[in-house]
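>>> Would you be able to build a 3D model of this:
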Amino acid sequence: MQELKTRLVWILATGLVAAIALVIHGVLAKLPAGEIAARAGVAALIGAICAGALMKLVSHVLLFQRCLGTRAGRTGALIGFMIVGFGITPEPGPDANIELIAMLMVSVVSAFIGSIAGSLAGWGWRQGARIGPVLGMVAMVLIGRAEHGITGLTEWPLESLLNHLSWLGFGFTGGSVLEGVVRWWRYVTDRGSGMPFDPDRNVPGATTLASELVSGRWQGVSQRLASTANSGDRSCLIEAIADQLESRPASLDEWLEEHPEDPGAWLMSGRQAVEWAWQGRGYGKPDGVTREGWRLFRERLVIARDHLVEAARLAPQDAAPFGELIGVAMGLSAPAEDKRGLFDAAMQRDPTHWRSCQAMVLALTKKWGASHEEMFDFAREVAARAPEGSPLHGVILHAHFLRHDYADRFDEDEDADEYWDDRQVRKEIAAAYREGPGSPRFRDAPQTVQQLNRFAYTLGLVGEWGLSRHAFELIGNRRTEWPWDGRPGMFEHFRKRARA
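Reported below is the predicted structural model:
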């Protein structure tokens with residue numbers, strides 16, 4: 001609903017600006033009032049229809065935020081539709097439309113040249129594309145000055161000044177269109193992959209163990225969990241297995257029946273029940289969940305909670321059940337103090353348990369009823385206590401990922417594409433990497449693989465290619481599904497760019 005309101009505002013604003021522009025043009029041209037009103041009405045209608053059609057097209061092809069989602073793109077489109085007022089009748093005559101098309105082509109070409117130059121200068125395609133609007137505006141102003149032989153701003157007659165402001169709008173719009181096209185092209189072409197995702201690269205044997213569970217053999221999972229002493233590695237193992245199960249295998253209940261004293265059985269069953277609950281609910285926004293979906297979600301989360309509590313009782317020193325219970329508490333809308341209590345219990349058992357920190361940061365997001373400030377305060381508190389080389393420094397990056405995700409999916413007033421351009425964000429993420437995976441004291445482990453992939457990706461986004469290269473060296477061929485999923489070709493693209 002909020003997205004629809006935002007689009008309606010832009011459509012109405014476009015029509016209004018086009019009408020105002022044409023009214024100004026008509027007054028300066030000393031046209032009759034009736035003719036001005038008629039032209040203004042037509043301009044408003046054309047502007048609104050064009051804006052609506054363009055947004056509809058972009059939404060279907062790509063998603064609204066992908067192309068015209070930036071402030072530059074929206075402003076450029078708005079200014080561009082002002083040209084409906086100035087452009088459709090620059091001077092009545094056969095060459096009017098040719099002049100209009102020529103102005104737009106000049107602005108786009110100049111923006112394209114600027115984008116290529118920026119990319120060759122080492123700024124990357126995102127930064128390079130952004131000089132397009134600026135160069136487009138400069139080109140149009142220079143053309144206007146050359147046409148009229150004007151050397152100073154005071155020499156502009158009012159009508160010529162306003163007319164060439166519309167040319168400047170053409171330049172800005174052409175550059176913004178180019179920026180959108182570049183974003184769109186990168187988004188489409190990055191869907192190909194040079195390296196398929198393999199869960200066994202990150203957690204060896206996870207695919208085989210998941211297949212065994214489906215076929216009714218749980219003994220391999222039981223033995224693997226019993227031989228995995230580190231709680232962080234146990235969390236990674238059950239997650240890797242559960243993620244590959246499309247439904248709840250009957251072997252889990254058989255395992256529980258035959259060995260009710262095995263904490264691994266309750267832990268694996270509880271983790272799978274969490275995934276099972278989300279499968280019943282669906283992964284969309286709350287307003288799209290059916291009544292039956294909510295019923296299954298809660299019913300299965302209660303099962304998950306009971307099984308994980310039993311796992312914690314049977315293995316009182318294991319932090320893994322508590323990391324999963326934080327997520328269950330979120331789904332069951334438990335009070336904030338309950339979630340914090342679960343986190344504290346996990347830290348008492350394993351002060352380096354990444355899964356618990358990751359879950360607690362998510363629990364403190366605005367999306368889950370807390371706030372951005374609470375989330376970042378917690379992440380910085382955890383990182384400040386963590387020793388050099390600890391994977392817990394990655395909670396800073398996790399918090400920024402979640403903050404960007406909120407801006408991208410839930411906040412219509414914020415430009416998610418510009419989030420990674422913030423200097424403070426860049427500085428904090430780079431510092432977190434140097435204190436964590438970038439430190440000589442860092443020790444690689446299964447629970448750090450996804451964190452390394454996130455760092456490699458994000459450090460590239462913010463321009464820290466040297467640190468990104470270091471992260472890729474630690475990753476090797478262990479590409480995780482996320483954050484590369486949906487556009488896995490980005491892994492190869494970023495790795496090549498980091499090694500350049």
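>>> So residue 349 sits against residue 321, correct?
No - using CB atoms under 8 Å, residue 349 makes no contact with residue 321, being 9.5 Å away. C-beta: built from backbone N, CA, C; applies to glycine.
>>> who touches stretch 371-379?
The contact list for stretch 371-379 (CB atoms under 8 Å, 6 or more residues apart in numbering) reads 360, 361, 364, 365, 366, 395, 396, 398, 399, 402, 403, 406.
>>> What residues does the last one make contact with?
Under the criterion of CB under 8 Å, 6+ apart, the neighbours of residue 406 are 365, 366, 367, 372.
>>> Just the CA trace of the helix or strand where it lies, in CSV.
Under the criterion of DSSP states H and E, residue 406 resides in helix 394-409. Extracted in CSV, the C-alpha atoms of helix 394-409 (Å, rounded to 0.1, in the frame of the first residue of the first chain):
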residue,chain,number,x,y,z
GLY,A,394,31.1,-9.8,11.9
VAL,A,395,28.0,-8.7,13.8
ILE,A,396,28.8,-5.2,12.7
LEU,A,397,28.5,-6.3,9.0
HIS,A,398,25.4,-8.3,9.8
ALA,A,399,23.7,-5.2,11.3
HIS,A,400,24.5,-3.1,8.2
PHE,A,401,23.1,-5.9,6.0
LEU,A,402,19.9,-5.9,7.9
ARG,A,403,19.7,-2.1,7.9
HIS,A,404,20.1,-2.0,4.1
ASP,A,405,17.5,-4.7,3.7
TYR,A,406,15.0,-2.7,5.7
ALA,A,407,15.7,0.4,3.5
ASP,A,408,15.3,-1.7,0.4
ARG,A,409,12.1,-3.6,1.3
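>>> Heading C-terminal from it, find the next helix or strand.
helix 423-435.
>>> quick one: contacts of that following helix?
Contacts of helix 423-435 (CB under 8 Å, 6+ apart): 383, 386, 388-390, 393-394, 396-397, 400, 419-420, 455, 458-459, 462-464, 467, 471.
>>> from those, which would you call buried?
Buried positions within the contacts of helix 423-435, assessed by neighbour count (16 or more other CB atoms under 10 Å), are 383, 386, 389-390, 393-394, 396-397, 400, 419-420, 455, 458-459, 462-464, 467, 471.
>>> related to what we said a few turns ago, out of residue 349 and residue 321, which sits in the busier spot?
residue 321 (31 against 18; other CB atoms under 10 Å).
>>> quick one: the more buried one and residue 229, what's the gap?
Residue 321 is 15 Å from residue 229, where distance means CB to CB, to the nearest Å.
>>> With residue 253 instead?
Remark: distance between residue 253 and residue 229 (CB to CB) = 27 Å.
>>> Same question for residue 445.
12 Å.
>>> which of those two has more neighbours?
Set residue 445 next to residue 229 and count neighbours by other CB under 10 Å: residue 445 wins out with 15 against 8.
>>> I'd say the more buried one and residue 233 touch.
Yes - using CB under 8 Å, residue 445 is in contact with residue 233, at 6.6 Å.
>>> Can you tell me the SS state at the spatially closest residue to residue 250 that is not a sequence neighbour?
Excluding the flanking residues, the one nearest residue 250 by CB to CB, 6 or more residues apart in numbering is residue 216, at 7.0 Å. Three-state call for residue 216 (DSSP: H, G, I helix; E, B strand; the rest coil): coil.
>>> Surely residue 216 and residue 251 touch.
Yes - using CB under 8 Å, residue 216 makes contact with residue 251 at a distance of 4.8 Å.
>>> So which of the two has more stuff around it?
Higher neighbour count among residue 216 and residue 251: residue 251, with 18 against 11, using other CB under 10 Å.
>>> Can you tell me the SS state at the more buried one?
Applying three-state DSSP: residue 251 is helix.
>>> How about residue 316?
Residue 316 - assigned by three-state DSSP - is coil.
>>> quick one: it from residue 233, how far?
18 Å.
>>> These two: who's more crowded?
residue 233 (15 against 9).
>>> so which strand or helix has that one?
Using DSSP H and E, the element containing residue 233 is helix 231-242.
>>> And that helix, what's buried?
231, 232, 234, 235, 236, 237, 238, 239, 240, 241, 242.
>>> For residue 319, give me its contacts.
By CB under 8 Å, 6+ apart, the residues touching residue 319 are 231, 232, 235, 345, 346, 347, 349, 350, 353, 356.
>>> er, residue 368 actually
330, 362.
>>> Can you give me every residue that contacts residue 393?
With CB under 8 Å, 6+ apart, residue 393 has these contacts: 383, 386, 432, 433, 435, 436, 437.
>>> pretty sure residue 363 is touching residue 339, no?
Yes - using CB under 8 Å, residue 363 is in contact with residue 339, at 4.9 Å.
>>> anything in contact with each of the two?
326, 329, 330.
>>> now residue 291: how far from residue 297?
Distance from residue 291 to residue 297, by CB to CB: 11 Å.
>>> More neighbours: the two, which one.
residue 297 (20 against 7).
>>> Quick check: phi and psi at that one.
phi -60, psi -50 (degrees, to the nearest 10).
>>> can you pull the contacts of the nearest residue to it once chain neighbours are set aside?
Excluding its sequence neighbours, the residue lying closest to residue 297 (CB to CB, 6+ apart) is residue 281, at 3.8 Å. Neighbouring residues of residue 281 by CB under 8 Å, 6+ apart: 289, 293, 294, 296, 297.
>>> of these, buried ones?
So, by 16+ other CB under 10 Å, the buried ones in those are 289, 293, 296, 297.
>>> check which helix or strand covers the second one.
Right, the one you point to is residue 293. helix 291-314.
>>> Output the contacting helices and strands for that helix.
On a contact count with 3 or more CB pairs under 8 Å, 6 or more residues apart in numbering; DSSP states H and E, helix 291-314 meets helix 263-281, helix 320-331.
>>> Contact partners for residue 336?
Residue 336 touches 363, 370, counting by CB under 8 Å, 6+ apart.
>>> Let's see that with 10 Å instead.
329, 363, 364, 368, 369, 370, 374 (CB atoms under 10 Å, 6 or more residues apart in numbering).
>>> Throw these into a markdown table and include secondary structure, thanks.
Converted to a markdown table, the contacts of residue 336 look like this (three-state DSSP):
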| residue | secondary structure |
| --- | --- |
| 329 | helix |
| 363 | helix |
| 364 | coil |
| 368 | helix |
| 369 | coil |
| 370 | coil |
| 374 | helix |
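>>> can you put those in a markdown table and add pLDDT and distance to residue 303?
Formatted as a markdown table, these follow (pLDDT from 0 to 100; distance: CB to CB, whole Å):
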| residue | pLDDT | distance to residue 303 |
| --- | --- | --- |
| 329 | 96 | 14 |
| 363 | 95 | 20 |
| 364 | 96 | 26 |
| 368 | 90 | 21 |
| 369 | 89 | 23 |
| 370 | 92 | 26 |
| 374 | 95 | 30 |
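>>> Filter those down to the buried ones and hand me the PyMOL line.
With 16+ other CB under 10 Å as the criterion, this PyMOL line picks the buried residues out of those:
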select buried, resi 329+363+364+370+374
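>>> Nearest to residue 490 among the contacts of residue 336?
The shortest approach to residue 490 among the contacts of residue 336 belongs to residue 368, at 27.6 Å (CB to CB).
>>> How much space separates that closest one from residue 492?
Taking CB to CB, one finds residue 368 at 34 Å from residue 492.
>>> try residue 31
59 Å.
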